[in-house]
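[1] Just a sequence and a predicted model for now, questions to come.
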Amino acid sequence: MSHRRAVSLMILVTLLWSIAGVVARHLDSAHSFEVTFWRSLFNALALGCVLSLLRGRQLWHSLLHAGWPLWFSGFCWAAMFTAFMLAITLTSVANVLVTMAIGPLITALFARLFLQHRLPARTWLAIAVAGVGIGWMFGQEASAGLSLTGSVVALAVPLAAALNFTTLQHVGHRDRGEDATMPQDMLPAVLIGAVLSAAGTLPLAQPLQATAHDLRLLAILGVVQLAIPCLLVVHLSRELAAPEIALLGLLEVVFGVTWAWLGAGERPGDSTLIGGALVLAALVGNELLALRGPAGNVPRGVAGHSPAAWDAMARRHRPAGTENSG
């Protein structure tokens, strides 16, 4: 794949991710946990079909003989899927996307705490600036008497994503050190997460009130907005460097806020714009400096902030003999 085509596909991925907010704003009757349930269910059905075609019996074998990292990763995915849609129903699209954008920096911090990875000074600075941006946004909302529930729920997405990515890195390091020929397959964790999210929110979604119109929109969210870009990122993680994917992934914030503004009349508040500007400036600066690092030392993989982006790392742990399955 040419670099231009890979970049174009990554931009398409961010466009697909970004439609969640505006689509959710056009639902008729489905609210809160019911929205999460249907989206996760349609996502699970789509991923189950596609992964069964790509992996065959290996998919179900890996689920039956999975160790704790696969299930922990699955719980992280479930938390990400659930918290994202709940947050969308509780606060503005801009607040959710800006809060989620700090995911790569939280991941870097967790890697330092749990895996003893050394962080460059630029990343520590980016974490501090992004923290100021999020603190400003939350502080202004609190002082204005607005509910912080949606923003706090949205914060669960980058936290769960950071734990997930740190687990994947731990598995990767362990497999390379102990049994490089039989690495643990972590990709089915995405399917586990979708199933757990749907099962966990079903009791809270009662009574189900979604109309046929709502179900069509929720199917779009589960398949087009989540499952398809998830699989695309898996492939693109082999074509683009991590900082490049992270930078392109930031377009989701821009696209998502724009769609909500134009398609649902949801104008972001001044506090969100200021806080978001600080977060995006920190991320862009950090990733641009990473791209200017020593030639040939830029790792491939995903350091993006969207929940679906973390799936790319799981691709590194596919079983031997499936290199062309994606």
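    Perfect, I can see it now.
[2] per-residue confidence at F138?
    Looking at F138, its pLDDT reads 85.
[3] mind checking the SS state of it?
    What DSSP: H, G, I helix; E, B strand; the rest coil gives for F138 is helix.
[4] do you know how far it is from A44?
    Noted for F138: a distance of 33 Å to A44, by CB to CB, to the nearest Å. In short, each C-beta sits where N, CA and C put it, glycine included.
[5] Looking at these two, which one has more neighbours?
    The neighbour comparison of F138 against A44 (other CB atoms under 10 Å) goes to A44, with 23 against 19.
[6] Tell me if I'm right that the more buried one and L196 touch.
    No - between A44 and L196 there is no contact under CB atoms under 8 Å: 9.1 Å.
[7] so who does I192 touch?
    Listed by CB atoms under 8 Å, 6 or more residues apart in numbering, the contact set of I192 reads 63, 70-71, 73-74, 77-78.
[8] do that again at 10 Å, thanks
    44, 47, 63, 66, 70-78 (CB atoms under 10 Å, 6 or more residues apart in numbering).
[9] give me the element it is part of.
    Assigned by DSSP states H and E, I192 belongs to helix 188-201.
[10] Can you name the next helix or strand after that helix?
    Using DSSP H and E, the first helix or strand after helix 188-201 is helix 212-219.
[11] what does the average pLDDT come to for the helix or strand following that next one?
    Where DSSP H and E defines the elements, the next helix or strand beyond helix 212-219 is helix 228-236. Across helix 228-236, pLDDT averages out at 81.
[12] So for the helix holding I192, what gets flagged as buried?
    For helix 188-201, a neighbour-count test (16 or more other CB atoms under 10 Å) marks 188-198, 200-201 as buried.
[13] Could you give me the ChimeraX selection string for whichever of the contacts of I192 are buried?
    Restricted to buried positions by 16+ other CB under 10 Å, the ChimeraX selection for the contacts of I192 reads:
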select :44,47,63,66,70,72,73,74,75,76,77,78
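[14] The contacts of I192 in strands, which ones?
    Among the contacts of I192, no member falls in strands (DSSP state E).
[15] re earlier: in JSON lines, list the buried residues of helix 188-201 along with pLDDT.
    Converted to JSON lines, the buried residues of helix 188-201 look like this (pLDDT from 0 to 100):
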{"residue": "P188", "pLDDT": "83"}
{"residue": "A189", "pLDDT": "84"}
{"residue": "V190", "pLDDT": "86"}
{"residue": "L191", "pLDDT": "90"}
{"residue": "I192", "pLDDT": "91"}
{"residue": "G193", "pLDDT": "92"}
{"residue": "A194", "pLDDT": "94"}
{"residue": "V195", "pLDDT": "95"}
{"residue": "L196", "pLDDT": "96"}
{"residue": "S197", "pLDDT": "96"}
{"residue": "A198", "pLDDT": "96"}
{"residue": "G200", "pLDDT": "95"}
{"residue": "T201", "pLDDT": "96"}
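[16] That'll do, ta.
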